[in-house]
Every structure is written in C-alpha cells, then in structure tokens.
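**Student:** Here is a sequence together with a model predicted from it:
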Amino acid sequence: MGPEAAKEEIRERIDLVDLIGQYVELRPAGRNHKGLCPFHQEKTPSFNVNREAKFYKCFGCGAAGDVFTFVQRVENVGFPEAMKLLGDRLGITWETTPEQRESRDEREQVLHANAVAAEWFAEQLRAQSGAPARAYLASRGLDEATIERFHIGYAPSGWDKLLGHLGSRGIGAERALRAGLARRNEEQGTYYDVFRNRIIFPIHDVVGRVIAFGGRALDPEDPAKYLNSPETIAFRKGRTFYGLDVARRAIAEEGFAVVVEGYMDVVALAQHGIQHCVATLGTALTEQHATVLARYTPEICLVFDADEAGMEAALRSVRVFENCSAAVKVATPQQGKDPDDYVREFGAEGFRELLRERIGLVEYRVRMVFARHADEGPEGRTKAAREVAGILAEVPDIARRQALVAWTADEWAGPDVGRASRLEEALLQELHRRARETAPTKRDAWESILAEKGYPRARTRQQGRRLARVEWLEQERRREQFLLDVAVAQYGGHTPDSEHSPVSADFIAETLARSSHPVVRNAHLRERRMLAAMLVAPQLAAVIFEHLSPDELLLPVHREIAEVVVQVIESSEAPNHGAVAERLSENEELFAAAADAAVGEEPYDPSELDRDILLIREAHLLGDRGLRLYGGEAEPLAPRATGETLADVEREVQELIRSGEVSTDNPRYQRLMEIRKGLHGRGEREYWDYQ
C-alpha cells in the first residue's frame, strides 16, 4: 500500500469522536459531540466534533480540521508523524524508501529509545540485581499487578549499563543523549547513564507512549532523592502529568481529577482503587498544566501536604488556576501525612472522605490566614480580618462574596453564634471600606476610556464630558455611514467604504445574507446545510450540480468549496469524503470554512433538495435586493444570462402601470408572470428553464 492509499484508509477508518475523546471529554449534542476545546482555555464548551463528516470545529478560537490536523496540533507533530501515529493505531502500514527510513523524525527516534529503555528497566527489576528495588517497593505496599500496570522498573548501579543495552539495539550514545537517557563528560568525551541505582517510573503521554522517566534513589545518601528526565523534543515538564494515561477514564467517571505531588502517591492511591489521580513532575503547577487537565474534567482537586511547604504550594497554585475553566478545590491530609501514607493508614474510604471535604481555593486561603495568626491574640485577629477581607474582595461575584463572608465568620467563630455575627459585621465593614477607597470616580472612569481612545487627559469634568460626547458622535457617524453604504450597495450597486467596515468579506456577506431579504436569508441558511451534506456525501453533490452550478451559491467561500467538490467528482470514478477533505486541506481558509459548515448544521434531508435549489435560484432572481461580495467589495447579486432580474422587470412593469400603458398582453407583463411562475413552479426541476 502506498502513502496516499494509506492516508485515505486512515481517514475513512478512524473514529474522530473516539480519537478526540482520548484528549477531552466529549458529550453528545445533537448530531455532534461537544466538549472543552483542547487548544484554548474556555469555561463553556464550544468544541464540536462531527463523526459522519469527520471534522471538528471550535466556535471559540476557530480551530478546525480533520483527524490529521487534530493529531498534528494536539501532539505538536508534523503531518508525517501524525500519519504514523494514526497508522500504528489502526495497524496500517505503507511502503517507504530507504532514504525515508534513514531520515526518521527525531521525535520518533526519542520515543523509540525511551520504549527500549523502559523495557530494559522492567527486566532489571525482575532480575537478581533488582532484589533491593523489589524489597523497597514491597515495603511501600505495592503488589505485582500495580508494578506491572505502571511499568515500574529499576536502573542498576554502574555508569553505562543502559548505554550498552541501547547500543546493542542500534541506538547510539548521541541519540540516548537527545532522549535524556545519557549525559556527556565533556572533559573525557565519554557518555554515562542518567539513571543509576534508582526505582524507575516511566512517564507516558495520554496515548501510552513513554516520553520520559522519573527515578527515585535507593541510596539514602544520594543528594537527589528524585530525578526526572531533562526536557526533550518529546517531553515538556510544564504540561505533563504522571499517570494521566492511566487516570484519564477514571477522571471522566468520577467527575473530577485529583492532583498529588509524587509518583508514589499516584501509584499507591491507584492500588487502593482511587484511580483518578495524577502528579506533577517535581515542578510547580503551571498554566499549561491547568489547561491540559481542564480538558478532561470540570473540577480539579489539589491534595497538598498540611505542612508549611504544602501551604506555600497551594498559594502558588491559586494564581495558576485563576483563569482555569475547571472549578479548583483543595483537600489537605492532616497530621502532616502525604497521600501515600494517608491511604495506607486510613484506607481508601478514609481518603475518599478527605476528598469529600475538599474546599475552594478562596476558602483554603482563608484557612491559611487563620492558621498563620492563630496564636497572636487580639492583634493577630485584627491582622487576620484585614488579610481575609483582602482575599474576599478579590471575588468578583457579589452573591458568592457574601456567602464566603458568612462561611468565614462561622469557620472562625466555631459554635459561638454571637461571635460569628460580630465577625461577619466586621468583615462587611472592612469590605465596604476597601470598596470606597478603590472605587474610581466617574471622572476617572471617563478619562480612562478616553485615554484608551487616544484623547488627551481632560483638565476639567466639563471637558471630559465634551470629549466623551465627541467620541460617541464619532461612533454613531461610523455606524450610520456603514449602514448607508450597505443600503447603497443593496439598492444602488455601489460598494461600502472599506474604512468603515474592517471585517472579512465573508463575514459581511453572511451578515447581510442573514439580515436582508427573507428569501435571501433563508436561502443562505439552506445553502449552508446543503454544503454540509455535500462534504459528507459527494455523491449528493453530483446530483445537486446537475441543476445548480457552484457559481450560483450565495457566499464566495461556499462557491470555492463547491468548486473543489466538483473537481473531485470530475476527477474520480468513486468520489468520497476523504478525497474532498484532502483537496480542501490544501487551502487552510477553505478547510476551516468546510469544517465550520460540517459541524454546524443539522442532518440534511434530501427530500428538501428541490425546495433548497429553488430558494437559491429565487435569491438570484431578487438581484439587487440581495448582496454578493467579490474581492471584499459588495455588489448586487449577478443577474441571469439574459441580463435582467426580477427586480428589473418589476420596476419596468410598475412604470408601465403608472403610465397606463400596460395590459395583460404586454410582453413585459407576460415576462414578469413567467418569472413568478418559475419561482412558484410545479415542483419539477424543468421550471428553472424559464428563460
């Protein structure tokens, strides 16, 4: 099988919903599946996937494409590697030249080296030399099934044992260096293993490929207790979680993800049946971490140690998760225990109870303030009140802020109702004081707006009002000018002033089509739905274009897509969706527009074909009552081959009526009736041949 045939088979066989569902949670939404976009942060799902059309489209950031573009973007790879990943998934292979095999992508080489190393580490754990490592794992309560599930291994002592094994598999020292498995002694010009005498935790991406390793020292004197692979072309610490490949499904089932600090925490919790846990890789949480995890769940629970370091980690995470689409909460094991120790002492149910008591980030910060000032007497309580008020003042939602004030007072006062009431009143007064101090005056607000617009700072309040009035009038002038330009374009054949309409031609065309004559508006919507059907079933397009040419479609981008579909039909004995998608992918703008249409419409009913083609024809006959754009300029809809439109004939007949020169025998009147009969014809396609 050649590469082109393999590409076509991959496109046809892959289930796009299943594939994307490995990266984000998707839920049925009509004919589509919907979820949070994997390419930008959002709180309301706007990412749509259509299984039949094999397209995805985000109506938030505009990302759109097919199976290949999705893998390219989400895995940060080029097209050849995306195709290889998908081919491996389906067991599809294709012929390659020796030159192509020689120049395999560096990322693939790194992944291959990691896979070989992971296999060797696992073998070393089972070997006689791995006895100390096995004893350590047993002391931590891990059984064989868990060790195998997480592919835990052992790196024996010695400077180059892994390098020797890699060399026997054709992987040289330089490639091991690029994979983060070796280091170079610059003075001696030699290489040595990165991981030595360590328990090895392979780090996988979400599809199960080994991208890096974490090593836990067995020697208590080793200064580096934990050691991670350096960043490589395949591994970025700031966006990777340990255990996400294993936890992904459980996270969807539980409805939230648990973030812990260590590999052993994840493994121990999983062995106790708590599967929805992941760990950072010895680094602070980043915004990329938050974005990645929010793709899989609407809620994230951070489990920090109860010591000072854990509290500081929580505080750092507050800012990271401020713009996260997922709700973020915190659970803190008491008595200074980490999750591994906690679950071994209190069991799975004890840890689940801890998770049930999780609180929001604001509540957690408030508790941190209480803990910090607990032993400082009245002066400490005053400081705490001011700090807590500052935290609560950051909450933008008024109802939420008031609820937090009541919660804070109850939390602080305990069972003393009177004290809680006094504390609540004190917090409210402090919040009001802060609001008065920070609230901008009306003059400040106006000057801020005017400064953004480029106006000089107002010296007086009256001058500020005058400048604001000038700005408002200018906005109104621009708005009225644009509407006038559109009206002229619709009824006089002129073009809008581009200075007053700095938006894309297709956007203007679509807006006008939706807001102009009802026939044009309805025809535009039906045209879009018809186009979506063509993309899924090009055979339907062949039927449509027997009676309607691509040039008769209303929107320029629709006409271009239709031309591509026609080209595929004419050049193939068996046109299919894959061939159309392949041709469209050559033009990024058309590809995105096609995806937009494919995922944005309801299933098409072929029985409505006659009516839809009639509507599009009628929109053309309306002539200058509709609007078409060419090269970014608005022009009236193109007339029929005769050079006249319905509007032309109507105007001519109306003039004849006013002058008293018309009768039912008049050729122009008969022409008008002929056109109207064509528009409201007998339900047969021949009624379009009215000219």
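**Tutor:** Happy to help now that I have it.
**Student:** for the stretch 201-350 of the chain, which spans come out with low pLDDT?
**Tutor:** 305-319, 322-323, 335 (pLDDT under 70).
**Student:** what's around E376, how many residues?
**Tutor:** For E376, the neighbour count with other CB atoms under 10 Å is 12. C-betas here are computed from N, CA, C, even on glycine.
**Student:** Any figure for the gap between it and L285?
**Tutor:** 30 Å (CB to CB, to the nearest Å).
**Student:** same question, E353
**Tutor:** For E353, the distance to L285 (CB to CB) stands at 25 Å.
**Student:** Tell me which of these two has more neighbours.
**Tutor:** L285 (21 against 12).
**Student:** Domain-wise, how is this protein divided?
**Tutor:** If you go by automatic domain parsing, the domain ranges for the chain are 3-99, 105-235, 244-437, 440-502, 505-635, 646-688.
**Student:** Which one of those domains has the poorest average confidence?
**Tutor:** Lowest mean pLDDT of the domains of the chain: domain 440-502, a mean of 47.
**Student:** start to end distance for stretch 195-212?
**Tutor:** The straight-line separation of the ends of stretch 195-212 (CA to CA, to the nearest Å) is 12 Å.
**Student:** Buried residues of it, list them for me.
**Tutor:** 195-207, 209-212 (16 or more other CB atoms under 10 Å).
**Student:** Then stretch 222-229?
**Tutor:** Result for stretch 222-229 [16+ other CB under 10 Å]: buried residues Y226, L227, N228, S229.
**Student:** Kindly export that stretch (C-alpha atoms) in PDB.
**Tutor:** Taking C-alpha atoms only, stretch 222-229 is exported to PDB below (Å, rounded to 0.1, in the frame of the first residue of the first chain):
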ATOM      1  CA  ASP A 222      22.000  10.300  47.400                       C
ATOM      2  CA  PRO A 223      21.500  14.100  47.400                       C
ATOM      3  CA  ALA A 224      18.900  13.900  44.600                       C
ATOM      4  CA  LYS A 225      16.100  11.800  46.000                       C
ATOM      5  CA  TYR A 226      14.000  12.200  42.800                       C
ATOM      6  CA  LEU A 227      15.400  12.800  39.300                       C
ATOM      7  CA  ASN A 228      13.500  13.400  36.100                       C
ATOM      8  CA  SER A 229      14.500  13.200  32.500                       C
END
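**Student:** How about residues contacting that stretch?
**Tutor:** Residues outside stretch 222-229 that contact it (CB atoms under 8 Å, 6 or more residues apart in numbering) are 179-181, 194-195, 197-198, 203, 212-217, 235, 237, 262-263, 281-282.
**Student:** Which of the buried residues of stretch 222-229 fall within strands?
**Tutor:** Y226, L227, N228 (DSSP state E).
**Student:** ok, E586 - how many residues close by?
**Tutor:** Neighbour tally, E586, other CB under 10 Å: 9.
**Student:** Please list all residues in contact with the closest residue to R27 other than its chain neighbours.
**Tutor:** Excluding the flanking residues, the one nearest R27 by CB to CB, 6 or more residues apart in numbering is K34, at 5.9 Å. The contact partners of K34, taken as CB under 8 Å, 6+ apart, are L26, R27, P28, P45, S46, F47, N48, V49.
**Student:** Across the sheet, point out what pairs with the last one.
**Tutor:** In other words, V49. Beta-bridge partners recorded for V49 (DSSP bridges): H33, Y56.
**Student:** Let me see the contact set for it.
**Tutor:** L16, V17, I20, L26, N32, H33, K34, G35, F55, Y56, V599.
**Student:** centre of the chain versus the strand or helix carrying the second one, how much separation?
**Tutor:** With elements taken from DSSP states H and E, the one containing V17 is helix 16-20. The gap between the average C-alpha position of helix 16-20 and the chain average comes to 14 Å, counting by CA atoms, centre = their mean, to the nearest Å.
**Student:** Tell me, how many residues neighbour A284?
**Tutor:** For A284, the neighbour count with other CB under 10 Å is 12.
**Student:** would you say it is within a helix?
**Tutor:** No. Judged by DSSP: H, G, I helix; E, B strand; the rest coil, A284 forms no part of a helix; its state is coil.
**Student:** Report the buried members of the contacts of V49.
**Tutor:** L16, V17, I20, L26, N32, H33, K34, G35, F55, Y56, V599.
**Student:** out of these, what pair is the most spread apart?
**Tutor:** Based on CB to CB, the longest span within the buried ones among the contacts of V49 runs between G35 and F55 and measures 14.8 Å.
**Student:** mind listing what the residue most central in space within the chain touches?
**Tutor:** Centrality entry for the chain: nearest residue to the mean C-alpha point is C37, 2.1 Å, by CA atoms, centre = their mean. Neighbouring residues of C37 by CB under 8 Å, 6+ apart: V24, P45, S46, F47, C58, G60, C61, A63.
**Student:** now do 7 Å
**Tutor:** Shown in contact with C37 (CB atoms under 7 Å, 6 or more residues apart in numbering): S46, F47, C58, G60, C61, A63.
**Student:** Number of residues surrounding the first one?
**Tutor:** Other residues near S46 come to 16 when the count uses other CB under 10 Å.
**Student:** Quickly note the distance from the closest residue to it other than its chain neighbours to A327.
**Tutor:** Counting by CB to CB, 6+ apart, the nearest residue to S46 once its immediate chain neighbours are dropped is G60, at 3.9 Å. Using CB to CB, G60 is found at 19 Å from A327.
**Student:** Same check on A406?
**Tutor:** In terms of CB to CB, A406 sits 20 Å off from A327.
**Student:** And for N185?
**Tutor:** Remark: distance between N185 and A327 (CB to CB) = 49 Å.
**Student:** Tell me which residues touch the residue nearest to S46, please.
**Tutor:** G60 neighbours (CB under 7 Å, 6+ apart): C37, H40, E42, S46.
**Student:** mind redoing it with 10 Å?
**Tutor:** L36, C37, F39, H40, Q41, E42, K43, T44, P45, S46, F47 (CB atoms under 10 Å, 6 or more residues apart in numbering).
**Student:** Equivalent analysis for D245, please.
**Tutor:** D245 touches Q22, F150, I203, H204, D205, V206, V207, G208, R209, V210, V278, counting by CB under 10 Å, 6+ apart.
**Student:** How is it assigned, secondary-structure-wise?
**Tutor:** helix.
**Student:** Count the neighbours of D15 for me.
**Tutor:** Neighbours of D15 using other CB under 10 Å come to 11.
**Student:** do the same with H276
**Tutor:** Around H276 there are 24 residues (other CB under 10 Å).
**Student:** One more: A6?
**Tutor:** Using other CB under 10 Å, the number of residues around A6 comes to 19.
**Student:** so what's it closest to, chain neighbours aside?
**Tutor:** Per CB to CB, 6+ apart, closest to A6 is W94, 3.8 Å.
**Student:** Tell me if I'm right that the one you found and L86 touch.
**Tutor:** No. If you go by CB atoms under 10 Å, W94 and L86 don't touch, sitting 11.7 Å apart.
**Student:** can you list residues touching both of the two?
**Tutor:** By CB under 10 Å, 6+ apart, the residues touching both W94 and L86 are A6, K7, I10.
**Student:** ok so, going back, and the residue nearest to S46, what are its phi and psi?
**Tutor:** Main-chain dihedrals, G60, degrees, to the nearest 10: phi -90, psi -60.
**Student:** Looking at W94 and L86 now, which is surrounded by more residues?
**Tutor:** Taking neighbours as other CB under 10 Å, W94 and L86 compare with L86 leading, 21 against 16.
**Student:** who touches that one in this structure?
**Tutor:** A6, K7, I10, R11, R13, I14, L19, V67, F68, F70, V71, I92.
**Student:** wait, is the third one part of a helix?
**Tutor:** Which is I10. Yes. Under three-state DSSP, I10 sits within a helix.
**Student:** distance of it from E588?
**Tutor:** According to CB to CB, I10 and E588 sit 20 Å apart.
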